[in-house]
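Trainee: here's a sequence, model it:
(one chain, ligands or ions: 2)
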Amino acid sequence: MRDLTQRVSVWMADRANNAIEPGSDLPAFDTPLLGCASGADPLFGMLKQDIGPQFYWTPQEAYRLAFPDEDLEPGELSVIAWVLPQTASTRAAHRKARDMPSIEWSRGRHYGEMVNEGLRRFVVEYLARRGVHAAAPALLPAWGRALSPRYGFASNWSERHTAHACGLGTFGLSDGLITPAGKAVRVGSVVARIALDPTPRPYTRHDEWCLRAAKGVCKACMKRCPAGAISEAGHDKQKCKDYIRGVTAPFVEKEQLGFKVNSCGLCQTGTPCEAKNPTAPKGGRGAAG
Ligand code: SF4
Ligand code: SF4
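Mentor: Ligands and ions are numbered 1, 2, ... in the order given. Purely as a prediction, here's the structure:
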């Protein structure tokens, strides 16, 4: 895992792989954080039951979509997840935004996700060169969305829930993943046929690093959301989606990039959890660095 972490850092340091837009000297993301979990971790089965037993994938199910001829036990698999922190300059620009996303954020949402896709491919290919079969569930042709009985629309492989299982953070009131590098991040993962030592999960609750859940004291993301999609009850996915599809995506097309991007993320900056775990002791980041 240490070797992979190093390789990923080197790959991300190359501006040809990690740029805020093609040809830019500015990175889309800071140094990534990596974590991993066993494919046999019971949390994956619990997530399946909670999110959607009919459609949500366990690591074994995702892997077998890529390698249908392989028989294997869940314990032969590891799930590797990463967190890509938004840069300080993207966060600073976005902090000033009110009802509409900053152009820096919109670039990060569009081109940054291409970086994330490239990283998924890089990790799969890197492992393949070492004789390890791996697949990125989010890149599988069968990846898609369905209706979760409990949570409304949901994908059949959630990168955020996977990163949570891999010791990389807990959920905030706004549904974002609060990681040791904060909530202004993008996340990705692969499932690989290799045994790795799991990253410890330094939390017992799914929302332990959110100040609202831990101490009942924060409303910052509620105040940041221009759509009123975050309340004491949590994140209203439909309101959020309606605002993004109806307001910010057309804004990005007309005023920023010339095409629609599902950019918003105002609830990810200007909050105490923007760039750190706000419940960590002062000076600490809270987990795997
Ligand atoms: S802004 Fe406050 S309430 Fe919202 S997710 Fe962050 S810590 Fe939790
Ligand atoms: S992404 Fe935008 S609309 Fe959705 S909850 Fe966050 S601030 Fe509100």
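Trainee: quick one: low-confidence ranges for the protein?
Mentor: 283-289 (pLDDT under 70).
Trainee: now do the longest helix along it: distance to the chain's middle.
Mentor: Using DSSP state H to define each element, the chain has its longest helix at helix 103-129. From the chain centre to the centre of helix 103-129 is a distance of 12 Å (CA atoms, centre = their mean, to the nearest Å).
Trainee: beyond it, next helix or strand please.
Mentor: strand 134-135 (DSSP states H and E).
Trainee: whichever helix or strand comes after that following strand pairs with which strands?
Mentor: The first helix or strand that comes after strand 134-135 along the chain, using DSSP H and E, is strand 145-148. Strands that pair with strand 145-148, judged by DSSP bridges, come out as strand 152-155 (antiparallel).
Trainee: and the partner strand, what's buried?
Mentor: Counting neighbours by 16 or more other CB atoms under 10 Å, one finds that the buried residues in strand 152-155 are 154-155. Just so you know, the C-beta spots here come from the backbone N, C-alpha and C atoms, and that holds for glycine as well.
Trainee: quick check: buried residues in the longest helix of the chain?
Mentor: Taking 16+ other CB under 10 Å as the criterion, helix 103-129 shows 103-113, 115-116, 118-120, 122-124, 126-127 as buried.
Trainee: kindly report the residues of the stretch 51-200 of the chain close to ligand 2.
Mentor: Contact residues (CB under 6 Å from any ligand atom) of the stretch 51-200 of the chain with ligand 2: residue 174.
Trainee: for ligand 1, what is the nearest residue in the stretch 51-200 of the chain?
Mentor: Residue nearest to ligand 1 within the stretch 51-200 of the chain (CB to the nearest ligand atom): residue 172, separated by 2.5 Å.
Trainee: if I look at that residue, how far off is residue 282?
Mentor: According to CB to CB, to the nearest Å, residue 172 stands 20 Å off from residue 282.
Trainee: same thing with residue 198?
Mentor: On the measure of CB to CB, residue 198 and residue 282 end up 28 Å apart.
Trainee: so for the two, which residue has more residues nearby?
Mentor: residue 198 (18 against 4; other CB atoms under 10 Å).
Trainee: now do the contacts for the more buried one.
Mentor: The neighbourhood of residue 198, defined by CB atoms under 8 Å, 6 or more residues apart in numbering, consists of 36-38, 41, 78, 166-167.
Trainee: for it, helix, strand, or coil?
Mentor: coil (DSSP: H, G, I helix; E, B strand; the rest coil).
Trainee: before we move on, what about residue 275?
Mentor: coil.
Trainee: got a list of what it touches?
Mentor: Shown in contact with residue 275 (CB under 8 Å, 6+ apart): 85, 88, 91, 181-182, 184.
Trainee: with residue 216 instead?
Mentor: With CB under 8 Å, 6+ apart, residue 216 has no contacts at all.
Trainee: got it, and the one 3 residues further on?
Mentor: Residue 219 is in contact with residue 212, counting by CB under 8 Å, 6+ apart.
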